[in-house]
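Participant: Quick check, what structure comes out for this input:
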Amino acid sequence: MSTSSTATTPAERRMRAQALPPLRDADAAAIGDFIEAIWAEAGLAKQTQASYRRDLEGFARWRDGAGGGLAAADRAALFDYFAWRTRQGYSPRSNARLLSTLRAFFALRLRRGQRADDPTALLDPPKLPRSLPKALGEREIEALLAAPDESTPLGLRDRAMLELMYAAGLRVSELVGLPATAVNLRQGVLRVTGKGGKDRLVPLGEEAQHWLQRYLAESRPVLAGRRAPAALFLDAGAEPPSRQAFWSLVKRHAAAAGIDPARISPHGLRHSFATHLLNHGADLRALQMLLGHASLSTTQIYTLVAREQLKRLHAQHHPRG
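Facilitator: The predicted model follows:
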């Protein structure tokens, strides 16, 4: 278990993580069993399962079988691991996610009678700074949506993707994973499979419907060629674009629209969707349903964003602001 000097960049932390011992068979089996169990119980998304797996494998490799390996780890081992991660420069948010993963892992073993105690019981999550979602202004959104070159198949696809992302408030994984059958232009709705495999119906605005119609009629047949792909959005190889590819196109079109790419991310379009709806009088419960949030408390963060924007407008335009 190395205690060498603090790594200061994500690349350095990844290198140190890669230098840890390989995963032992017993730990791999325990992690695989846990992933299967939580998938059966909660139907967690593939990205969440992969995150849980990375967290548990990192801890197991750091322990390298000490004291019975991952499944037998005690509270002292967890304290030592979090201390090591802190020295390596891992963020409080990353450590909070890790603690959540470990709690789920040991809670399952406790329920099954595979352990008599929960070593995470007295561990407090790190304090996280409150960070408000970053939303673009409505004029900036208009400029971003108009940035793609609609005369090309990929440009028209980009316009349709951006319009749909903003119109429906989708997560990136939801957008790139949409099947063509999810769109019902006659009724003007989109069926979205969100976290936990839960479906929701999201209405489409007229603009999003217009660009989807054009994409489906003019661009998708060109990109699909002779194939019959199931995905709604396709790249030049008739495959669905990855989340990373969508990230890149958002940054590229933001720069073309005169928006600092550092100020925007794909998730920023979802934040903008929610913030702009609230600014125009949307009901918080309705917004919760549109976003697919399991808890209203998750949605309430957008009321703080809207409030901050109102404060800035007051300060900028009121004669005594």
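
Participant: so who does residue 122 touch?
Facilitator: By C-beta atoms under 8 Å, 6 or more residues apart in numbering, the contact list for residue 122 reads residue 75. In short, each C-beta sits where N, CA and C put it, glycine included.

Participant: A helix includes it, no?
Facilitator: No. Remark: residue 122 does not belong to a helix; assigned using DSSP: H, G, I helix; E, B strand; the rest coil, it is coil.

Participant: Per-residue pLDDT of it, please?
Facilitator: Note on residue 122: pLDDT of 82.

Participant: now the strands for the protein?
Facilitator: Along the chain, the segments classed as strands by DSSP state E run 183-184, 189-193, 199-203.

Participant: Make TSV out of the ones you listed and add distance to residue 38.
Facilitator: Listed next are the strands of the chain as TSV, based on distance: least, C-beta to C-beta, whole Å:
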stretch	distance to residue 38
strand 183-184	31
strand 189-193	18
strand 199-203	20
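
Participant: would a markdown table of these with mean pLDDT and mean neighbour count be doable?
Facilitator: As requested, the strands of the chain are exported to a markdown table (pLDDT from 0 to 100; neighbours: other C-beta atoms under 10 Å):
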| stretch | mean pLDDT | mean neighbour count |
| --- | --- | --- |
| strand 183-184 | 93 | 17 |
| strand 189-193 | 89 | 18 |
| strand 199-203 | 86 | 14 |
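
Participant: of all the ones you listed, which lies closest to residue 46?
Facilitator: Proximity to residue 46 (C-beta to C-beta) singles out strand 189-193 among the strands of the chain, at 11.5 Å.

Participant: what comes into contact with the closest one?
Facilitator: Residues outside strand 189-193 that contact it (C-beta under 8 Å, 6+ apart) are 164, 168, 170, 174, 177-178, 182-184, 199-204, 292.

Participant: Domain ranges for the protein, per the record?
Facilitator: By the assignment in automatic domain parsing, the chain contains the domains 10-111, 138-317.

Participant: picking up where we left off before, what is the nearest of the contacts of strand 189-193 to residue 127?
Facilitator: Lowest distance from residue 127 to the contacts of strand 189-193 (C-beta to C-beta) belongs to residue 292, with 27.8 Å.

Participant: What score does residue 17 have for pLDDT?
Facilitator: On pLDDT, residue 17 comes in at 69.

Participant: Same check on the one 3 residues further on?
Facilitator: With respect to pLDDT, residue 20 has a value of 78.

Participant: from now on call the first residue 37
Facilitator: New numbering, starting at 37: the last item is residue 56.

Participant: what's it sitting at in phi/psi?
Facilitator: phi -70, psi 160 (degrees, to the nearest 10).

Participant: With residue 157 instead?
Facilitator: Here the main-chain torsion angles of residue 157 (degrees, to the nearest 10) amount to phi -60, psi -40.

Participant: can you count the residues close to it?
Facilitator: Here the count is done by other C-beta atoms under 10 Å, and residue 157 has 11 residues near it.

Participant: The one 3 residues further on now?
Facilitator: Under the neighbour criterion other C-beta under 10 Å, residue 160 is assigned a count of 6.

Participant: Provide the backbone phi and psi angles at residue 173.
Facilitator: Torsion angles, degrees, to the nearest 10, at residue 173: phi -70, psi 160.

Participant: Fine, thanks again, bye for now.
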